[in-house]
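**Q** got a predicted structure plus its sequence, pasted below:
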Amino acid sequence: MANVNEDEDIFEIVDYTTASDWERFIARIEEILSEWKLNGPEMSNNEIDFADGKWNERDEALEFGEHSYVLTHFSLQIQDAVTIPPTESNPQMTSSTSFEKQTFIPPRAMADMMSRRNDFPSRSPYLSHWYGLREFLILAPKRNNDAITHEDRANLLLSSAAIAVSNVGCNVPIFIRVQHEWRNMFIGLCEGSGLRTHFNICHLKNAPYQHRHLSGLLEIFKSKLGSNISNDTVVMVAVRFTYVLKEFESTISRQILPRDESGTPVLTELPFGSLYDPVGGLHLSCTWPLFSEELVTENDDCNDFDPLLSQQWAIGVTLLDDLPVLLGETVQEYLKLSTQRESIEQLLGKIQTSDDPSNNSMNMADPIKRISDSRTQQYWTSISSSISNTTNKLRVNVFNPPLPPSVVEKIISYLFNEQSNLDRQRSIVDESLDNTERIRQLKSVPKDSFVYRLVVCLASICSLPSYNHLRSIAHIWHDVVQELRTHWETGTYIPGLESGSPNLSYSKFYHNLQMLNCCIEHRLRHQNDTTSVENQSGEQDEDGDEFFECSSVLASSKANISDLQPEGRLKPCGDLKLLNSNEILYIPITQECPPMTEDMLDEQTTVLTNLGSSEEATLLRAKMQSRSLLSDMESFKAANPLGTMEDFVRWYSPRDWVETEEVENDGNIQKRYALSLRMQLPDNLWTEVWQQARPIPVRRQKRLFDDGKEAEKILQKLSSLTPGEVLEQLIPVLLHTVYDRVNKEVYDMEDANASALVETLYNKSLQIVKGKDERKVKLQQDYVDYLATIEQYICRFQSFKQKLFPSDLDHHEKENMIQFITELHTRPEMPVKDAASSRLGKQLVSMFTTSKPSSSQADNNNTPEVKNQFMAPAGKEYILRASLGRPSQSRSRPSPQRMYCMLAQDEFRLCGAFSEDTTFF
């Protein structure tokens, strides 16, 4: 018995102060709402346009038992919200039952539900589109595989959220995501000012037959209101029908990859555009914004919703994602190939010649020896007699050519056509200073020059499908080099190059070709000089260069100087006369300064720098740079046999002929002349060179510029380049050609705002040219990505223009349409002013009808015919609204009742928001 009494005295103590998981979950929601400052009433009558705002999101994670959730806050941020009187946007709320005339102010969410200003927003989250909300909360599972599929769990979360928002006084609607995420199913509530709104969604794959029209949907809406609806309750309706067009006529933005009559690819222009239409579809939305249910009828037998009678039209587009564009892909391929280093022989195999090898030894053996052969006349004769055979043998002949012969011939003809030289001369005249500055900054070449066209051809090859691009480029480059050699041997100028010495503001590649043209020019001039004089026999120096020495007696004896006949005179040097005689001082014919490329200048600078800074190095440097001075002195002596060094200085360097004034004893001022101090220094270089100079006219001098040697060096350098090296050296020119191509397309767009895109592209080109080598790969990729973005924008603009531009627009209408198309890129849809009666509206009517209306059908009086031709809507949306008291019609305050309906081919959705009075019920 004692043990029994002890057991009765023992009792268990339950600590009810310990919070459960459910309580901690509610407390966590309250904490988050307080941190986000949503714990106060938000009451405002401001009505805003959702299309002008930006949606902000923020989220917090929380736990409840074994499940993880995320609470997300969506809010619309508006820069300048315009206050609009509610009576303007809600005519149905102007009765004595409107919210604004009551003694209470409803939560802002309930006012938003009744506002027609935000019906069918084009850019907003789902819940905002369905309910017209500008702010709301979503509680959803953190993991997709943790969907809320049980009703008990959904109700528990909803009740927890209701307790939390009630405790902190939050008036923002809160939703619980239920079912799987792809279904977009929610339940929710909103509380404030003694009102509570329940949100529910019904989602079906197919709409019930009786609910496919407005009449059936009104039955559902009124059944939800129950017995509270009275005869004087007005249900306001807003309707939108959306028509989708996915099949268009031929509207490709450009003729891509053009081919000639024989089907051969044309490689004389950079490809641009896309092989596909960038516009995947057009959707036309026709809206009837607000009307009473009695005004229209829609059922199986009658339909009053005629799209041609709608006063609100909006057009939107569906764009293809990741649209492939040809120019961007071509540049990408070009840059990738520029890193390859396979030689021509590795790519094409050993080059075969078309003639017997034994004949080659006769005409082409040891070209270096032939160039240095001193027998000039014999050299020219032998070259002339073997030109035809040489040209034929140098053509590439491979067993498996990567390009058809017809394509190669057309490219070579396009590059070396003499007409291109005339076109280039015309373009130089029209070239603006701005373009010239761009060329200088990019280190490119003139537009339409030989190198410019070469890059266009090489880049176009990179766009050819079903071709080995690197082998094809190797094929073209080999034939280009051989054609350059043929031009050198035949004395034919390379077309498309500026005449004269190499222009150092252009690319190094361009310098080499200009130097080759200089070699051809010197060669032709030397040939003409040789044939214009009588054949003379002369001695040959050890170097094998032909010139005629003066007699040693004439060179050493002053007594016989007067017997020399003047040669090589150009013209008198003004009124100057020789100091030691009364003869006129003549300007001699001199050799031109040898042309220099940037590479040659760099080599010369390196050699002179490596000599050091000693006196011997300084003297050697001076002698290396005095070849031109020696030639000019010899020419001067030949033209002025009685001339002295002082005479030479008076003509060649007048500043070293110093004038001084001396006052004589009689007071007269006597002018005296003398060499400058630097010319009178002992061991003066000019004096030494003058003593070495002999009276030799320019036609007998050793040439300062060895055209044969320099030409062969250039040809050997070009032939030794791999195709990848050629592409790499021409990257600045590629950037220039791309800029011109894009700029041409932008100019054709007639859109002033697009010019900024081209300038940004040019700046990215400069970054590649002037950037460091370690950053060039990243800069090139950024450039290609931006180029693809611009090309996609232009393709879409051209497609919009072709589809939407009516014919015969005046200047003002064209400007408005361009602005319309520009904004269509960035906005989900654009309103069509004046709907079907506008020029654009008529264009859309012709597109969205099954057959184009005739002129008689275009009349508005012929409504039935046009109506029948309009395609069936792809989607229909309805918004039904009413304001009445629930749950008691007599005692409860009027509260908003709303239902959104969406009918599509494979979806039927009802989104209800029904309110009730929790104070007076």
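**A** Yep, it's here.

**Q** drop to CA atoms for contacts and neighbour counts, all remaining ones
**A** Fine.

**Q** where's the one residue sitting closest to the centre of the chain, which helix or strand?
**A** Closest to where the C-alpha atoms of the chain average out (C-alpha atoms, centre = their mean) is Leu787, at 2.5 Å. Taking DSSP states H and E as the definition, Leu787 sits inside helix 776-804.

**Q** can you check Gly643 too?
**A** Going by DSSP H and E, Gly643 is not part of any helix or strand.

**Q** who are the contact partners of it?
**A** Leu578, Leu579, Asn580, Leu585, Phe636, Lys637 (C-alpha atoms under 8 Å, 6 or more residues apart in numbering).

**Q** what's the answer for Gly885, then?
**A** Gly885 touches Asn228, Arg891, Ser892, Arg893, Pro894, Ser895, Glu916, Asp917, counting by C-alpha under 8 Å, 6+ apart.

**Q** format these as JSON lines; extra columns: secondary structure.
**A** Formatted as JSON lines, the contacts of Gly885 follow (DSSP: H, G, I helix; E, B strand; the rest coil):
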{"residue": "Asn228", "secondary structure": "helix"}
{"residue": "Arg891", "secondary structure": "coil"}
{"residue": "Ser892", "secondary structure": "coil"}
{"residue": "Arg893", "secondary structure": "coil"}
{"residue": "Pro894", "secondary structure": "strand"}
{"residue": "Ser895", "secondary structure": "strand"}
{"residue": "Glu916", "secondary structure": "strand"}
{"residue": "Asp917", "secondary structure": "strand"}
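
**Q** nearest to Ser505 among these?
**A** Ser505 has its nearest neighbour among those in Ser895, at 78.1 Å by C-alpha to C-alpha.

**Q** verify the contact between that closest one and Phe920 for me.
**A** No - at 11.7 Å, Ser895 does not count as touching Phe920 under the criterion of C-alpha atoms under 8 Å.

**Q** neighbour count winner among these two?
**A** Between Ser895 and Phe920, counted using other C-alpha atoms under 10 Å, Ser895 has the larger neighbour count: 26 against 15.

**Q** beta partners of the more buried one?
**A** Leu884 (DSSP bridges).

**Q** tell me the confidence at it?
**A** On pLDDT, Ser895 comes in at 89.

**Q** okay, now Asn684: neighbour count?
**A** Residues near Asn684, counting by other C-alpha under 10 Å, number 11.

**Q** for it, what are its contacts?
**A** Arg678.

**Q** quick one: it from Leu677, how far?
**A** Distance from Asn684 to Leu677, counting by C-alpha to C-alpha, to the nearest Å: 10 Å.

**Q** what do these two both touch?
**A** With C-alpha under 8 Å, 6+ apart, Asn684 and Leu677 have no common neighbours.

**Q** hmm, back to that, which is the next helix or strand following the helix holding Leu787?
**A** helix 811-824.

**Q** that following helix to helix 776-804, inter-axis angle?
**A** Going by axes from the mean of the first three to the mean of the last three C-alpha atoms, to 10 degrees, helix 811-824 is angled at 130 degrees with respect to helix 776-804.

**Q** same for the helix or strand that comes right after helix 811-824, what does it pack against?
**A** Per DSSP H and E, helix 811-824 leads on to strand 829-832 as the next helix or strand towards the C-terminus. Packing partners of strand 829-832 (3 or more C-alpha pairs under 8 Å, 6 or more residues apart in numbering; DSSP states H and E): strand 312-319, helix 811-824.

**Q** show me what the helix or strand that strand 829-832 is followed by is packed up against.
**A** Going down the chain from strand 829-832, the next helix or strand is helix 839-847, by DSSP H and E. Applying 3+ C-alpha pairs under 8 Å, 6+ apart, one finds that helix 839-847 contacts helix 776-804.

**Q** tell me how far the helix it packs on is from the chain's mean position?
**A** 5 Å (C-alpha atoms, centre = their mean, to the nearest Å).

**Q** do stretch 282-300 as well
**A** Mean-position distance between stretch 282-300 and its chain equals 44 Å (C-alpha atoms, centre = their mean).

**Q** excluding chain neighbours, what is closest to His211?
**A** Leaving aside its chain neighbours, His211 sits nearest to Leu217 (5.5 Å; criterion: C-alpha to C-alpha, 6 or more residues apart in numbering).

**Q** before we move on, the earlier item: out of the contacts of Gly643, the closest to Lys770 would be?
**A** Nearest to Lys770 among the contacts of Gly643, with distances taken as C-alpha to C-alpha, is Phe636, at 46.4 Å.

**Q** domain ranges for this structure?
**A** When the chain is parsed with the TED database, its domains come out as 21-39+46-76+103-204+886-917, 569-699.

**Q** most tightly surrounded among the ones you listed?
**A** The highest mean neighbour count among those, using mean count of other C-alpha atoms under 10 Å, belongs to domain 21-39+46-76+103-204+886-917: a mean of 19.

**Q** count of residues packed around the residue nearest to His211?
**A** With other C-alpha under 10 Å as criterion, Leu217 counts 20.

**Q** mind listing what's buried in the helix holding Leu787?
**A** Buried residues in helix 776-804, defined by neighbour count with 16 or more other C-alpha atoms under 10 Å: 779-780, 783-784, 786-801, 803-804.

**Q** quick one: average pLDDT of that helix?
**A** For helix 776-804, the mean pLDDT works out to 91.

**Q** and if you look at stretch 342-362?
**A** For stretch 342-362, the mean pLDDT works out to 64.

**Q** pLDDT below threshold where in the stretch 451-600 of the chain?
**A** Low-confidence segments of the stretch 451-600 of the chain, defined by pLDDT under 70: 529-563.
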